[in-house]
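Engineer: Show me how the following folds:
(chains A, B, C and D)
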Amino acid sequence: MNKVYADARSALAGLLKDGMIIMAGGFGLCGIPEQLILAIRDAGVKNLTVVSNNAGVDGKGLGILLDSRQVKKMISSYVGENKTFVNQFLAGELEIEFNPQGTLAERIRAGGAGIPAFFTKTGFGTQIAEGKDVREFDGVRYVMERGIVADLSIIHAYMGDSEGNLVYRKTARNFNPPMATAGKVTVAEVEHLVKPGDINPDHIITPGIYVQRIVHVSNAIKHIEQRTVRKREKSPAAIGTGVQA
Amino acid sequence: MNKVYADARSALAGLLKDGMIIMAGGFGLCGIPEQLILAIRDAGVKNLTVVSNNAGVDGKGLGILLDSRQVKKMISSYVGENKTFVNQFLAGELEIEFNPQGTLAERIRAGGAGIPAFFTKTGFGTQIAEGKDVREFDGVRYVMERGIVADLSIIHAYMGDSEGNLVYRKTARNFNPPMATAGKVTVAEVEHLVKPGDINPDHIITPGIYVQRIVHVSNAIKHIEQRTVRKREKSPAAIGTGVQA
Amino acid sequence: MPWTREQMAARAAKELKDGFYVNLGIGIPTLVSNYIPPGMSVQLQSENGMLGTGPFPFEGEEDSDLINAGKQTVTELPTTSYFNSADSFAMIRGGHIDIAILGAMQGAENGDIANWMIPGKLVKGMGGAMDLVGGVKKVVVVMEHSAKGESKLMRRCRLPLTGAGVVDMVITDLGVFTLDKAGGGLTLIELAPDVTLDDIKSKTEANFKVANTLKQ
Amino acid sequence: MPWTREQMAARAAKELKDGFYVNLGIGIPTLVSNYIPPGMSVQLQSENGMLGTGPFPFEGEEDSDLINAGKQTVTELPTTSYFNSADSFAMIRGGHIDIAILGAMQGAENGDIANWMIPGKLVKGMGGAMDLVGGVKKVVVVMEHSAKGESKLMRRCRLPLTGAGVVDMVITDLGVFTLDKAGGGLTLIELAPDVTLDDIKSKTEANFKVANTLKQ
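Structural biologist: Here you go, the predicted structure:
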């Protein structure tokens, strides 16, 4: 049972078809499976529905598949950073279904967990709730949201073993673990590929059962969207208290 | 903001009252918060509803609170190991609400996650579904189950820091992390207490936000319920393939 | 000659495939792990929160933090991962486990299974059984064909159900049946050595078809 | 004299308490972290999966794997933990975050808030705002009192809502209002220096009561 593939192209071979639903991990450009996105561009499949919190930026992340006009519809919570997106959307070439970020994350988690629907307070009384069931529990009204399953999930992890067990690094974890559970097939790109037993089993975040194919990307592209820094001479008074403006 | 208490008794001080709902972590006798259970026994609160996968065995785990007749009702998936339980149940002194184990785990996770109800295939067409909403999604019928929240969750972890960040060891993890999220107040006993920063933040399973009080139990009691072993001379042929009978 | 418990387990093991993730119930199903062909990679899930469950520990190496769903001490493998109970049943309910092999008190021709309670007797609880039969891709029941002279493979279960319309295959000491949950009913596909079709017909309450390819 | 953005942030910081878990929106709310009193332990949650968000990194120490919900590079603290997006919003939706401080385009006397879209303009999406206002224990809105001469504190929001009946407090450059979500409406509890009650009345569309204990 070999899950390890030589490169992103072969890891996706036989899995891609026009009109499919693809989940892509990442938050902004952090923790995105960019080598797999590039391989999807090269494969040329079209009319994709892509479930991803964001839509990349021009020429980066999912922006690559927008540039190549392979995406028909995005299911996202925020797409503000992408000019190509704006142009295609205004031209009526691209559909968008906005989901509140937490609703999106939970819909994905539910899809992977065999839960077809759940209730959430999020969006009650807003246009997001229009056409959806509303139900009261213990005096509070909730909106029913549906689980989502994808034909394919593409995710990025920091390290994986050949069984498909994965760990993530810092906030590059984000949507990757729930999406790994919600793909009928899940392909993971990893920055470091190790052998089974090299990762402490108490530390594994995604058990190998969720990963059908894995590819080592030694050339992982990791962008920074908003480079915010502070000067060394400045007193680090705010350390321990949070983000410093 | 001090979360660290000197002993189990003081960690529970002011939190206990008759008739409350308590969630207790563990699976069988593995990963149970036994020092906290002993402190509840000593506090003498009565008519408790206890949410726990099992009910301990005689004199161990939740068996302690059954012996002392402090439990009015158990919400569990399997209670087969306990004679006191059987006797009290047959005498009508103890109520039991059986939940399928996965439904119980998901109800707890939902309670902690602000989800008042969700749908599951589990139990459809069985007596577990009686009186519950049934709904069809995409041609399959599901049962609606409710989230549960407890007045107090007591959990056991392998290591914790003074912020309440926790890690668990092997299968002693079980119900502890979801229960940590579903208690209005959560008290954790830990085998090792360390300072913030000593646990790699990528390895933390329960973030400190879920833990209001923490107590170091250097004398943690860890039982084995079914001691199954194999002889050294026997060829370890089944290694890699699973449990060997 | 009907199959022994070991032979039933060996027959069940033939349902495994390389790369499968498997949940084994207690009793005969536990024995299945002894019949996994060498070189086949199969990972066992324990629903208390472990994937890649290893054999029992050597004497003196038991770890109270390392048990399977039967509360027995087990060991870790290089492939092992741990997770919490909610995540474990998300894995089960989400259809990620390829096969569950479990025992039963009764099975029926409509795919129903009963294995958790007998009215009037003390009920211990269903544990994870209802979640497993409801969530796993393929459900294989392994049980004696009859108990106290009564067929355990019935038209309809008389005991309270564990799952309705969930079973894909039944392996008894007399033979093997497949079950089409979409309404196609039971089909006998295999007989134990020296068991005749008449034998099994006389001992089975459930209606069943006989496969053209019936093997012995 | 109306409050500056910094003064509004400082006023919002007074709502923090020792041990609080806090989510700060972008804009003025981000400034709040500069006014946390020394010695007070407050952990900032970033909804992309981090609790215990530290300050911006020193130049040259940026880490592409370590960003906040505004996609800005940040740093780790000894208290930091990471989790996935589903777990992050389970934390938010489950009511575990003590306070969210966020900006708004409009707020209303019934607790409604609008801050994610303007019909006719390109919509970028709501991100995590709907989840935050629906799930966090206390929701504090920090915004300018008026925009283009129009009150942003209204009888009813005219823009599409982010949340219905969710706001607990509104801090503007002119004063501070509490909001009783159970139907008790808005109450002015504090005025910025030199702002008079008549000033704020003339600039507010929403109905509000005035606290007996009105401070200036």
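
Engineer: Kindly list the longest helix within chain A.
Structural biologist: Among the segments of chain A that qualify as a helix by DSSP state H, the longest is helix A:101-112.

Engineer: Which helix or strand lies directly C-terminal to that helix?
Structural biologist: strand A:117-120 (DSSP states H and E).

Engineer: at contact distance from chain C, anything in that following strand?
Structural biologist: No. Against chain C, strand A:117-120 shows no contacts by CB under 8 Å from any CB of the partner chain, the least distance being 12.4 Å. Any C-beta I mention is one placed from the backbone N, CA and C, and that applies to glycine too.

Engineer: hang on, the earlier thing: tell me what angle the longest helix of chain A forms with helix B:101-112.
Structural biologist: Helix A:101-112 runs at 180 degrees relative to helix B:101-112, counting by axes from the mean of the first three to the mean of the last three CA atoms, to 10 degrees.

Engineer: Output the helix or strand of chain A with the lowest mean pLDDT as CSV - backbone C-alpha positions only.
Structural biologist: For chain A, the helix or strand with the lowest mean confidence is helix A:83-90, at a mean of 86 (criterion: mean pLDDT, DSSP states H and E). What follows is helix A:83-90 as a C-alpha-only set of coordinates in CSV (Å, rounded to 0.1, in the frame of the first residue of the first chain):
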residue,chain,number,x,y,z
LYS,A,83,-8.1,41.6,-8.5
THR,A,84,-8.5,38.8,-11.0
PHE,A,85,-11.3,37.5,-8.7
VAL,A,86,-13.0,40.9,-8.8
ASN,A,87,-12.8,41.2,-12.5
GLN,A,88,-14.1,37.7,-13.2
PHE,A,89,-16.9,38.2,-10.6
LEU,A,90,-18.0,41.5,-12.1
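
Engineer: got a list of what the nearest residue to C:Ile99 once chain neighbours are set aside touches?
Structural biologist: Nearest residue to C:Ile99, sequence neighbours excluded (CB to CB, 6 or more residues apart in numbering or on different chains): C:Lys138, at 4.6 Å. Contacts for C:Lys138 (CB atoms under 8 Å, 6 or more residues apart in numbering or on different chains) come out as C:Glu15, C:Asp98, C:Ile99, C:Ala100, C:Asp168, C:Met169.

Engineer: those helices in the chain, which residues are they?
Structural biologist: Reading this off chain A. Ranges of helices in chain A, per DSSP H, are A:8-12, A:34-43, A:63-67, A:83-90, A:101-112, A:176-182.

Engineer: The chain in question should be chain C.
Structural biologist: With DSSP H as the criterion, chain C has helices at C:5-13, C:28-31, C:85-93, C:129-135, C:197-202.

Engineer: most packed of these?
Structural biologist: Looking across the helices of chain C with neighbours counted as mean count of other CB atoms under 10 Å in any protein chain shown, the highest average goes to helix C:129-135: a mean of 29.

Engineer: Could you list every helix and strand in contact with that helix?
Structural biologist: In terms of contacts (3 or more CB pairs under 8 Å, 6 or more residues apart in numbering or on different chains; DSSP states H and E), helix C:129-135 is packed against helix B:101-112, helix C:85-93, strand C:99-102.

Engineer: mind putting the ones you listed in CSV, mean pLDDT included?
Structural biologist: Formatted as CSV, the helices and strands packed on helix C:129-135 follow (pLDDT from 0 to 100):
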stretch, mean pLDDT
helix B:101-112, 98
helix C:85-93, 98
strand C:99-102, 98
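
Engineer: who in chain C is up against chain A?
Structural biologist: C:18-19, C:21, C:41, C:43, C:45, C:51-52, C:76-83, C:89-97, C:135.

Engineer: Out of these, which sit inside strands?
Structural biologist: When those are checked against strands (DSSP state E), the matches are C:Tyr21, C:Gln43, C:Gln45, C:Leu51, C:Gly52, C:Glu76, C:Leu77, C:Pro78, C:Thr79, C:Thr80, C:Ser81, C:Tyr82.

Engineer: Cross-check the residues you listed against chain D and keep the overlap.
Structural biologist: With CB under 8 Å from any CB as the criterion, these include none near chain D.

Engineer: out of everything not next to it in sequence, what's closest to A:Lys73?
Structural biologist: Leaving aside its chain neighbours, A:Lys73 sits nearest to A:Glu95 (4.0 Å; criterion: CB to CB, 6+ apart).

Engineer: just A:Ala220 next, same as before
Structural biologist: A:Glu191 (5.0 Å).

Engineer: need the contact list for the one you found.
Structural biologist: The contact partners of A:Glu191, taken as CB under 8 Å, 6+ apart, are A:Ala157, A:Tyr158, A:Met159, A:His216, A:Val217, A:Ser218, A:Ala220.

Engineer: and if you look at C:Pro78?
Structural biologist: Counting by CB under 8 Å, 6+ apart, C:Pro78 touches A:Lys195, A:Pro196, A:Gly197, C:Gly52.

Engineer: Check A:Met144 too.
Structural biologist: Listed by CB under 8 Å, 6+ apart, the contact set of A:Met144 reads A:Ala117, A:Phe118, A:Phe119, A:Lys132, A:Asp133, A:Val134, A:Arg135.

Engineer: Let me have those in a markdown table, adding distance to chain D as columns.
Structural biologist: Putting those into a markdown table (distance: CB to the nearest CB, whole Å) gives the following:
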| residue | distance to chain D |
| --- | --- |
| A:Ala117 | 16 |
| A:Phe118 | 10 |
| A:Phe119 | 11 |
| A:Lys132 | 13 |
| A:Asp133 | 17 |
| A:Val134 | 11 |
| A:Arg135 | 15 |
